[in-house]
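Enquirer: Build the 3D model from these lines:
(chains A, B, C, D, E and F)
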Amino acid sequence: MNIIITNNNLSTGTETSARANNRAFDELRNLKIEAGVLERADGSAYLEMGGNKVLAAVYGPRELFVRRLMQPNKAVLRCKYNMAPFSVDDRKRPGPDRRSVEISKLTSEALTPAVFLEKFPRSTIDVYIEVLEAEGGTRCAGITAASVALADAGIPMKDMVVACAAGKSDGNVVLDLSEIEDKEGEADLPIALMPRTGEITLIQMDGHLTEDEFKKAMDLAIDGRMKINEQQKTAIKNRYGD
Amino acid sequence: MNIIITNNNLSTGTETSARANNRAFDELRNLKIEAGVLERADGSAYLEMGGNKVLAAVYGPRELFVRRLMQPNKAVLRCKYNMAPFSVDDRKRPGPDRRSVEISKLTSEALTPAVFLEKFPRSTIDVYIEVLEAEGGTRCAGITAASVALADAGIPMKDMVVACAAGKSDGNVVLDLSEIEDKEGEADLPIALMPRTGEITLIQMDGHLTEDEFKKAMDLAIDGRMKINEQQKTAIKNRYGD
Amino acid sequence: MNIIITNNNLSTGTETSARANNRAFDELRNLKIEAGVLERADGSAYLEMGGNKVLAAVYGPRELFVRRLMQPNKAVLRCKYNMAPFSVDDRKRPGPDRRSVEISKLTSEALTPAVFLEKFPRSTIDVYIEVLEAEGGTRCAGITAASVALADAGIPMKDMVVACAAGKSDGNVVLDLSEIEDKEGEADLPIALMPRTGEITLIQMDGHLTEDEFKKAMDLAIDGRMKINEQQKTAIKNRYGD
Amino acid sequence: MVIKMVHIVPEIIKESVTNHIKNGERTDGRAFDEYRDIIVEPGVVGKAEGSARVKIGNTQIMIGAKPQLGTPFNDTPTLGVLMTNTELLPMAAPNFEAGPPDENSVELSRVTDRCIREGQVVDLEKLCVVQGEKVWMVFLDLHVLDYDGNLIDAAVLGSVAALMNTKIPTTKLEGDEIVLDYDNMIPLPINEKALMCTFAKIGGELLIDPSLEEEEIMGARLSIGMAEDGSICAMQIGGAESMTKEEILKAISIAKIKTAELRTYLP
Amino acid sequence: MVIKMVHIVPEIIKESVTNHIKNGERTDGRAFDEYRDIIVEPGVVGKAEGSARVKIGNTQIMIGAKPQLGTPFNDTPTLGVLMTNTELLPMAAPNFEAGPPDENSVELSRVTDRCIREGQVVDLEKLCVVQGEKVWMVFLDLHVLDYDGNLIDAAVLGSVAALMNTKIPTTKLEGDEIVLDYDNMIPLPINEKALMCTFAKIGGELLIDPSLEEEEIMGARLSIGMAEDGSICAMQIGGAESMTKEEILKAISIAKIKTAELRTYLP
Amino acid sequence: MVIKMVHIVPEIIKESVTNHIKNGERTDGRAFDEYRDIIVEPGVVGKAEGSARVKIGNTQIMIGAKPQLGTPFNDTPTLGVLMTNTELLPMAAPNFEAGPPDENSVELSRVTDRCIREGQVVDLEKLCVVQGEKVWMVFLDLHVLDYDGNLIDAAVLGSVAALMNTKIPTTKLEGDEIVLDYDNMIPLPINEKALMCTFAKIGGELLIDPSLEEEEIMGARLSIGMAEDGSICAMQIGGAESMTKEEILKAISIAKIKTAELRTYLP
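Expert: Below is the predicted model of the structure:
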């Protein structure tokens, strides 16, 4: 028995030649961050970036029950990145898959350089990221939100961490790829950095870039960091006042 | 390749209009309980109720190795309800499924109020229920059997726990639904209680009952408790003499 | 959609009437053993027997973290036998299956009598066997290799353990069955023993043998042990000099 | 989800809260039959065909509904299928841990599922496309974000809201082909708004909508599922203590009023 | 099933039992070649197409056989399939825990399976319905209820009894259809009654049917599977010590007599 | 694989190794941009359609490639499929434990997979047999035998070698039938030899091909995947510290030279 699908609303590949909503090549999608959205967690943040909806929560510093992970002279920062089954077009089976396991590891490594872990030996700081709706760039959205949740939890940090992807889509090097730009594009380059110093805490790439294109993409992400960081600071300010 | 099944022995839906074997609406199926049927377990009981065959075993009070479950001022009563793969028409895959996980939790909660757990701080009492053959009402059969196994193990109890389902089948409120009455019936209401005081330790319902029907069903189960309790006491008496 | 396979190189059943390469009934396949092939492991050995390629590694004696396995007066010898996904014609799914769980248990029991475990109370000696290519008789190849790896690790032993299968193929009782002889043969009888005393530490059988055939097969395996043991000793000698 | 450590409430707190309740007072000032603030927001997730966010007090659950074509169960060849899954996320409470569903999330899934199925919230017969072969299956995923007690009532309320918000494509049979017209989405066929009301028994009193603080000291828990006509479609007792017949009957009469009240939060 | 804690037998008990055995005495008074009391009850589970309960001493196993139509293995397209699974239930011993099969239950399943398969107990060729497409698969589930030693002999004896008790519907091929006639059930085609006899080596002596007490101190275990004509179809050594060639040959000659004796308990 | 215990390097060793490096010296005497000895042996496993053993220093990985016909992914109906799996075997290091892949082996699989896929090493379009229905799937299994640092470069180098060594049967479509001619095996269609070069940042310096000793004290790790024309196809940062833009650009220019050097080890 065959199944026929009729759907005139599906976007087609040709529509990507211009960025949606006439976005400039170095323009971020709409970004909204709110801190302190959960009651139980020690810190939390809700973030919307384009069609992405991401929730981050932090517990800790607290006792680490898994002895084999314990560090005698500092805290460990553990991260779980998870996608809700309803966050994508085809329902995602609950539980971790290889993609989320890798992103969890990278997110924890992206946040670690910014946190004064040595203040809390033998303990853990747990970061949970839930993707409620996914539209390209959720790993960056998660890192940006988690950083606000860490601040909301009062964890001492050198700086916040800001993350954003640059990449190549339809022949152009652009900032903050949407889902369709990522899927049909030629390269994706998520970067996380500490805005004050510009130090890079995460970089990944897949696709195909010449050395020049790579430099251009990296610079776009580095230059875009301040706008995102403004929103992070505003979220904290709105939560606690000046 | 099609598979055709010929089977004239299959019961049909129309046969349920009268209860099988002309059972009265408040009549229990044949019930048989034997205590002390296993060598290794501290207490055990075998129960047949209609076509159900259930084995219950108790270990404890004994040391609890899972520290996170430990209670400083009393024992925990843990229960595992399990169906043998050969206990049902279509072979059940071994291991717990969502149904057995829920029934295990409810069974442990149904037995807990009757046991003097505070006599055994920091320890565990483990109850294992194996359904060897299932014919409707196995969760109640398991609770009734487990209660005898607890007594056989010498665990101090306020009272035994008795369980039985009432429900609505073919328009009538009846006691102790058989498999076919449960499957084709309108509502199923398993109840566990302590016979002496009538206190209810388990109630569940699914189906559709008016408030009046509900009351009637609950009263049937409450009134039927003594007959079951007699059999429990007989089983213990047969095991240990008067 | 049908899939048709053309392959003139496939061996056919009739070809087994004579042993491959005109091997005599009591002749071993080509055997090669090398000790000390891994850097990190405390001891290791690589073995080729016919088309089998097997790697064995030993860690220990070392601290045993699983308290429930600990023996107060001796070490435990644990073994994991594993087949690489690419070691067989149809890719094997990674991870243990029932066959490898059983072989792991038997291998550990086959090696245990030869090791002075009482010298290392409360500790563990861990043996890992990886089948890189399988061509009949991998459990025996693994035991023979593991024994060399134990010697390479400097674990004190009464004797090395030698393993080889005898069996019945095409009506004849023969030594060291190849993959095709095992598959199309009538019986397979893997035996492990300590060459000095002839004590048997593993015996398994499946198939069909009269008592006389069984005796003959067992004698073949016992008589073949010295040739294998020579190779084991040579491997250790080559590693450490005389 | 695995609960990491049993939370042991100090006896002194237990006594103090219980004494307040015996005096007719809850620590948050509510009446015994009063719900905390309730917010139901349908349609919060664009990629889900149906969704809702529900808050009861600080308890917060996000629910997504995703329909897909599948094979009916052997014994109900003409009925669509509802599948309920719960994730008690580790972000929702300090003692929740990541992992496969434990007995608490399994119970929550199954109680929610039973109330909705037995209450006949969705007209499953209308979800049959080809008898015995193809039916709509609706996956209902409960994502518990913040846990402050009474998950059951929130789960059922949010699930009904998400189902009411769910759209599926118009489905036609043309010869041997099933045509799914995503240009003409229609709502799921909703029959009924069955909801649940949960009671905690503390110090001999029955309170509705227990907060986490109350759940941690309650002796028994009783949840009652009710259809719009006041008939009972589901019930579930929980906890380490018993209840009397009279308490259960009293709870039923209160639940009749309170489920009607809850129903006003649905769109 | 996971064994929670290695049971360490005190040296003094070990020595005492061993000394008794060296003097020709078992603690329960049996001869070295004597089985404990044996009970085989076929047909104990109505919903299983075949079943048996077997007791050897206090060791007790319930076995159920459930046939269903399935696809044959690629390399044996004309043979039915036997699948053996063992649950060492936590009720059977204080140190058994619930969980997926551990190495002990896997070994028990595989030894039982091999003895029955290699002993050609069931005529698997007669279970082929359509070559390469549909054969009868028989699921044999071993439910260990009470563990007092020598599970292997009990498992094989009970499995053969359950298989002899198993019925399948008459199966016919009519054109493109397989007709299963449940009104005319026929027994599984049984070829052979291969059984196993297990020895423990303690203090240099060989004892059959070791009790749990004996198993806990035995050095080695040898199980021999035998067909009715005395030929060998399976063998399995276990335990931390070795055996000599002479001991194995002696065990074979005893097993010949004892498997014949065990066979009299089959219906 | 589960890492049993975090290996804590004593501060004194950490300082000493770091100081050496600040003075321009590595403990094994290599230059900062020098690989250890490299051995690539293709075709080492007869039963694998493709295989290679790779050693970089004492790090040793065995890689097997096994093609089989399968169904393409929905969104790439005309492309073959590459599946990469890594086993960090417990024999490879004292702190590796048997078990399902942990985050380290998952990362290694995914980085290797991305470099090979995005670098278009295999011409996946040529692996399509029937569009949307049947394509060749290549399972690439990385068996890590000995772990002495820098698994990523070894994994990618060995994987490319194994793929270059892989043969599949000539595949033809005849009417409704797929004919696989195993008498005429052909090599996998190889487009490109993309490889990776990995840097460790220690004491402010960038070193390539870190040994285990260096990995244990490194602050950050950067792996760069490069095609033959020097374009970048993959990148992955790891570790607990950050890197600067300048360091990344410097690493790219070194990687260009070193991946070309690595490429000479391929057959």
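Enquirer: In contact with A:Asn7: list those residues for me.
Expert: D:Tyr182, D:Asp183 (Cβ atoms under 8 Å, 6 or more residues apart in numbering or on different chains). For the C-beta atoms, the positions are set from N, CA and C on the backbone; glycine is no exception.
Enquirer: Mind checking what secondary structure residue 143 has?
Expert: Answering for chain A, as no chain was given. Three-state assignment for A:Ile143 (DSSP: H, G, I helix; E, B strand; the rest coil): helix.
Enquirer: other chain: chain D
Expert: Going by three-state DSSP, the secondary structure assigned to D:His143 is strand.
Enquirer: Okay, and the most centrally placed residue in chain A sits in which element?
Expert: Geometric centre of chain A, nearest residue: A:Cys140, 2.1 Å, by Cα atoms, centre = their mean. Counting by DSSP states H and E, the element that carries A:Cys140 is helix A:138-152.
Enquirer: what's the next secondary structure element after that helix?
Expert: strand A:162-169.
Enquirer: now that following strand and helix A:138-152, what's the angle there?
Expert: Put simply, strand A:162-169 runs at 170 degrees to helix A:138-152, going by axes from the mean of the first three to the mean of the last three Cα atoms, to 10 degrees.
Enquirer: I'd like to know which elements strand A:162-169 is packed against.
Expert: In terms of contacts (3 or more Cβ pairs under 8 Å, 6 or more residues apart in numbering or on different chains; DSSP states H and E), strand A:162-169 is packed against helix A:138-152, strand A:172-175, helix A:179-184, strand A:187-193, strand A:200-209, helix A:211-240.
Enquirer: right, and those - which one's nearest E:Gly43?
Expert: When these are ranked by proximity to E:Gly43, the top entry is helix A:138-152, at 59.0 Å, counting by Cβ to Cβ.
Enquirer: now the angle from the closest one to helix A:211-240?
Expert: Using the same axes, to 10 degrees, the direction of helix A:138-152 lies 40 degrees away from that of helix A:211-240.
Enquirer: what about helix A:138-152 and chain F, touching?
Expert: No. Residues of helix A:138-152 are not located near chain F by Cβ under 8 Å from any Cβ of the partner chain, the shortest gap being 12.7 Å.
Enquirer: Please save the CA atoms from that helix in CSV.
Expert: The C-alpha coordinates for helix A:138-152 follow below in CSV (Å, rounded to 0.1, in the frame of the first residue of the first chain):
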residue,chain,number,x,y,z
THR,A,138,21.0,23.7,18.8
ARG,A,139,24.4,22.9,20.1
CYS,A,140,25.4,26.6,20.0
ALA,A,141,22.0,27.6,21.4
GLY,A,142,22.5,25.2,24.3
ILE,A,143,26.0,26.5,25.2
THR,A,144,24.8,30.1,25.1
ALA,A,145,21.8,29.2,27.3
ALA,A,146,23.9,27.0,29.7
SER,A,147,26.2,29.9,30.3
VAL,A,148,23.4,32.1,31.5
ALA,A,149,22.1,29.3,33.7
LEU,A,150,25.5,29.0,35.3
ALA,A,151,25.5,32.7,36.0
ASP,A,152,22.0,32.4,37.3
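Enquirer: in the lengthiest helix in chain D, what's buried?
Expert: Counting by DSSP state H, the longest helix found in chain D is helix D:245-263. By 16 or more other Cβ atoms under 10 Å in any protein chain shown, the buried positions in helix D:245-263 come out as D:Lys245, D:Glu247, D:Ile248, D:Ala251, D:Ile252, D:Ile254, D:Ala255, D:Lys256, D:Lys258, D:Thr259, D:Leu262.
Enquirer: And for stretch A:221-233?
Expert: For stretch A:221-233, a neighbour-count test (16+ other Cβ under 10 Å) marks A:Ala221, A:Ile222, A:Gly224, A:Arg225, A:Lys227, A:Ile228, A:Asn229, A:Gln231, A:Gln232 as buried.
Enquirer: so can I have JSON lines of those showing pLDDT and distance to E:Cys128?
Expert: As requested, the buried residues of stretch A:221-233 are exported to JSON lines (pLDDT from 0 to 100; distance: Cβ to Cβ, whole Å):
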{"residue": "A:Ala221", "pLDDT": "94", "distance to E:Cys128": "64"}
{"residue": "A:Ile222", "pLDDT": "93", "distance to E:Cys128": "69"}
{"residue": "A:Gly224", "pLDDT": "91", "distance to E:Cys128": "68"}
{"residue": "A:Arg225", "pLDDT": "91", "distance to E:Cys128": "69"}
{"residue": "A:Lys227", "pLDDT": "95", "distance to E:Cys128": "71"}
{"residue": "A:Ile228", "pLDDT": "97", "distance to E:Cys128": "67"}
{"residue": "A:Asn229", "pLDDT": "97", "distance to E:Cys128": "71"}
{"residue": "A:Gln231", "pLDDT": "97", "distance to E:Cys128": "69"}
{"residue": "A:Gln232", "pLDDT": "97", "distance to E:Cys128": "69"}
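Enquirer: I'd like these written out as CSV, with distance to C:Glu63 added.
Expert: Shown next, in CSV, are those (distance: Cβ to Cβ, whole Å):
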residue, distance to C:Glu63
A:Ala221, 47
A:Ile222, 48
A:Gly224, 51
A:Arg225, 47
A:Lys227, 53
A:Ile228, 48
A:Asn229, 48
A:Gln231, 51
A:Gln232, 46
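Enquirer: per-residue pLDDT, residue 234?
Expert: Looking at chain A here, since you left the chain open. Reported pLDDT at A:Thr234 in the predicted model: 97.
Enquirer: Chain D was what I was after
Expert: According to the model, D:Ala234 carries a pLDDT of 97.
Enquirer: For the strand or helix carrying it, which residues meet the burial criterion?
Expert: For D:Ala234, the element it lies in under DSSP H and E is strand D:232-239. When burial is assessed from 16+ other Cβ under 10 Å, strand D:232-239 yields the following buried residues: D:Ile232, D:Cys233, D:Ala234, D:Met235, D:Gln236, D:Ile237, D:Gly238, D:Gly239.
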